[in-house]
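> next comes the sequence, and after it the predicted model I'd like to discuss.
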Amino acid sequence: MHFFYSILLFAITFFGGIIPLWFKDFDEKRMQYLLAFSGAFLLSITFLHLLPETFSDLGATAGVYVLIGFFLQLIIQRFTHGIEHGHLHVHPQEDHHHHVPVYSILAGLSLHAFMEGLPLGFNYKMSATEPSLYLAVAAHKLPEAILATTLLLNAKGRKTTLVTMFFFSCITPISGILANSLGQFYHAMAAAVVALIPIVAGAFIHISTTIFFESGTKQHLLTRQKVAAILTGVAIGFATLLFE
């Protein structure tokens, strides 16, 4: 099933991510609600599936790795400028692309994409963890890819954006496939993935909570629509427990 989920993840990331190529007036409010939903869903899956699995395997040591992952995401954010949790300060009508560190942002996003693919290649004890995690990562990558496309479209043009997003969409699925394949043949790799899972979980917690506090209105308020999006994400997260 790893391969099937990986293909689905690629399709959601790529075809959803290139929406700005066809709809240049993509509604910013819809993006805010999509971010709120994806953040809530990702956080729910992290707490309901990923953390129980990793604490079961590593015990209290997992808490150390979660903390490392949380602060590691702060470092990655220095390069991505927060695109992975909804920050994008470039608009089509403004000629700011010469001041935007596009390659730095893409490098940070690529590292982030590779990291979040590693837990996808692990074999979990709870049957619902794997599909739930794929769905949560896909929900998170959709707004991330849309924002990255918007940035590239303003800075590099349509053709370069399309090619770049194709390769970017491959990173997380390939990371998951590599982790799964190498983990089956190399014990050291399998052990490394076990340790990396809580690190990625810590990064997920940072991203999700940042979305809650910083996406939405300019005053970062919790509007009724944003609360509804968050509650929907949490509800679907709890619903995945029914498949255990």
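Everything's here; your move. Numbering: from 1, shown residues only.
> alpha carbons only for contacts and neighbour counts from here, please
OK.
> for the lowest-mean-pLDDT helix or strand in the chain, buried residues please.
Scoring the helices and strands of the chain by mean pLDDT, DSSP states H and E places helix 19-22 at the bottom, with a mean of 82. Across helix 19-22, burial judged by 16 or more other C-alpha atoms under 10 Å covers 19-21.
> what about the protein, any weak spots by pLDDT?
24-28, 84-100, 214-222 (pLDDT under 70).
> mind listing the helices for it?
2-17, 19-22, 28-45, 51-58, 61-80, 102-117, 129-155, 158-185, 187-214, 224-239 (DSSP state H).
> reformat the ones you listed into CSV and put distance to Asn123 next to each item.
As requested, the helices of the chain are exported to CSV (distance: least, C-alpha to C-alpha, whole Å):
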stretch, distance to Asn123
helix 2-17, 10
helix 19-22, 33
helix 28-45, 16
helix 51-58, 10
helix 61-80, 17
helix 102-117, 13
helix 129-155, 8
helix 158-185, 8
helix 187-214, 10
helix 224-239, 20
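> picking that back up, what is the nearest of the buried residues of helix 19-22 to Ala239?
Ile19 (28.5 Å; C-alpha to C-alpha).
> ok, Gly39 - how many residues close by?
29 (other C-alpha atoms under 10 Å).
> list the buried ones in stretch 156-166?
Neighbour-count burial for stretch 156-166 flags 158, 161-162, 164-166 (criterion: 16+ other C-alpha under 10 Å).
> which one of the residues you listed sits closest to Ala201?
Met165 (24.7 Å).
> in space, what's closest to the closest one - neighbours in sequence excluded?
In space, and not counting its chain neighbours, Met165 is closest to Phe14: 6.4 Å by C-alpha to C-alpha, 6 or more residues apart in numbering.
> report the contact partners of that neighbour.
145, 165-166, 169 (C-alpha atoms under 8 Å, 6 or more residues apart in numbering).
> what is the most widely separated pair among these?
Ala145 and Phe166 (10.3 Å).
> ok, Gln77 touching Gly108?
Yes: here Gln77 reaches Gly108: they are 7.3 Å apart, a contact under C-alpha atoms under 8 Å.
> do I have it right that Phe79 meets Ala107?
Yes: contact criterion C-alpha under 8 Å: Phe79 and Ala107 qualify, at 7.5 Å.
> these two - which one has more neighbours?
Phe79 (18 against 14).
> distance of that one relative to Ser104?
6 Å (C-alpha to C-alpha, to the nearest Å).
> same check on Phe168?
14 Å.
> who has more neighbours, the two?
Phe168 (21 against 14).
> tell me the contacts of Gln77?
Gln77 neighbours (C-alpha under 8 Å, 6+ apart): Gly108.
> going forward, count from 610.
Right, with 610 as the first residue, what we last looked at is Gln686.
> quick check: the gap between it and Leu618.
In terms of C-alpha to C-alpha, Gln686 sits 23 Å off from Leu618.
> do Ser741 as well
12 Å.
> more neighbours: which of those two?
Ser741 (25 against 22).
> pretty sure that one sits against Ile654.
Yes: with contact defined as C-alpha under 8 Å, Ser741 reaches Ile654; the gap is 6.7 Å.
> so what sits against both of those two?
In contact with both Ser741 and Ile654: Gly846, using C-alpha under 8 Å, 6+ apart.
> what's the separation between Leu676 and Val809?
10 Å.
> more neighbours, the two?
Val809 (27 against 18).
> so what's that one up against?
By C-alpha under 8 Å, 6+ apart, Val809 lies in contact with 675, 678, 724-725, 728.
> buried subset of the residues you listed, written for PyMOL?
Buried subset of these, written as a PyMOL selection, criterion 16+ other C-alpha under 10 Å:
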select buried, resi 675+678+724+725+728
